[in-house]
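curious how this folds, go ahead:
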Amino acid sequence: MISLDIVMPALLGGGLIGLAASMLLLFNGRILGVSGILSEALDFKGAGNKLWIWLFLLGLLAGPRLSDAFLGTSEPVFEERTLLVTILAGLLVGFGTTIGSGCTSGHGVCGIGRLSQRSIVSVCVFMGTAMVTVFVFRHVWGG
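Have a look, this model is predicted:
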């Protein structure tokens with residue numbers, strides 16, 4: 001039997017992500033696609049007000065730390081990976097978001113909610129790739 005103390009944080013977190021995505025769309029007219037927001041932040045040629053972008057990215061970094069400081073409920077999980085593997089993983093994620101025209105937040109949170117066929121296909125590809133990757137690393141390579 002699943003207890004409420006396991007389900008409630010996921011429901012609350014999902015609701016807050018949905019609220020944030022809705023507010024960004026309502027007030028800025030933007031889809032909450034983190035890879036696109038990060039790309040725009042790093043585009044130094046583009047003009048316009050980027051304050052909200054940098055505050056958004058700061059919130060992504062500070063949110064978990066603030067939550068832990070006030071609630072003290074999380075336990076950090078560290079995977080022993082080399083710097084090279086971490087950099088390679090980051091580059092692969094960046095490559096994937098480029099060829100997939102978005103990331104899990106843009107396609108998964110916003111695109112599926114809008115019933116976008118491209119987003120539904122993208123999320124199926126993300127999830128399928130993730131399942132195959134976990135299987136290979138855990139059962140084939142023994143990681």
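
count of residues packed around residue 57?
For residue 57, the count of nearby residues is 15 (other CB atoms under 10 Å). C-beta: built from backbone N, CA, C; applies to glycine.

so which helix or strand takes in residue 17?
Of the helices and strands defined by DSSP states H and E, residue 17 is found in helix 4-28.

and for that helix, what's in contact with it?
30, 31, 32, 52, 56, 105, 109, 110, 113 (CB atoms under 8 Å, 6 or more residues apart in numbering).

the last one - how many residues pack around it?
Other residues within reach of residue 113 by the criterion other CB under 10 Å amount to 14.

look at it and report its pLDDT.
pLDDT recorded at residue 113 is 85.

helix/strand/coil for it?
coil (DSSP: H, G, I helix; E, B strand; the rest coil).

what of the first one?
Secondary structure state of residue 30, per three-state DSSP, is coil.

what residue is smack in the middle of the chain?
Residue closest to the average C-alpha location in the chain (CA atoms, centre = their mean): residue 105, at 5.1 Å.

excluding chain neighbours, what is closest to that residue?
residue 34 (4.6 Å; CB to CB, 6 or more residues apart in numbering).

tell me how many other residues crowd the one you found.
Residues near residue 34, counting by other CB under 10 Å: 17.

cool, and residue 140?
8.

quick one: buried residues of the helix or strand bottoming out on mean pLDDT in the chain?
Counting by mean pLDDT, DSSP states H and E, the weakest-scoring helix or strand in the chain turns out to be helix 83-99, with a mean of 85. Buried residues in helix 83-99, counted by 16 or more other CB atoms under 10 Å: 96, 97.

what are the contacting residues of that helix?
Here helix 83-99 has contacts from 35, 81, 103, using CB under 8 Å, 6+ apart.

now the buried members of the residues you listed.
Looks like the contacts of helix 83-99 have 35, 103 buried, using 16+ other CB under 10 Å.

show only the entries of the contacts of helix 83-99 found in strands.
Per DSSP state E, strands hold no members of the contacts of helix 83-99.

hang on, the earlier thing: so how far is residue 132 from the residue nearest to residue 105?
According to CB to CB, to the nearest Å, residue 34 stands 23 Å off from residue 132.

and what of residue 43?
33 Å.

do residue 20 as well
Counting by CB to CB, the gap from residue 20 to residue 132 is 30 Å.
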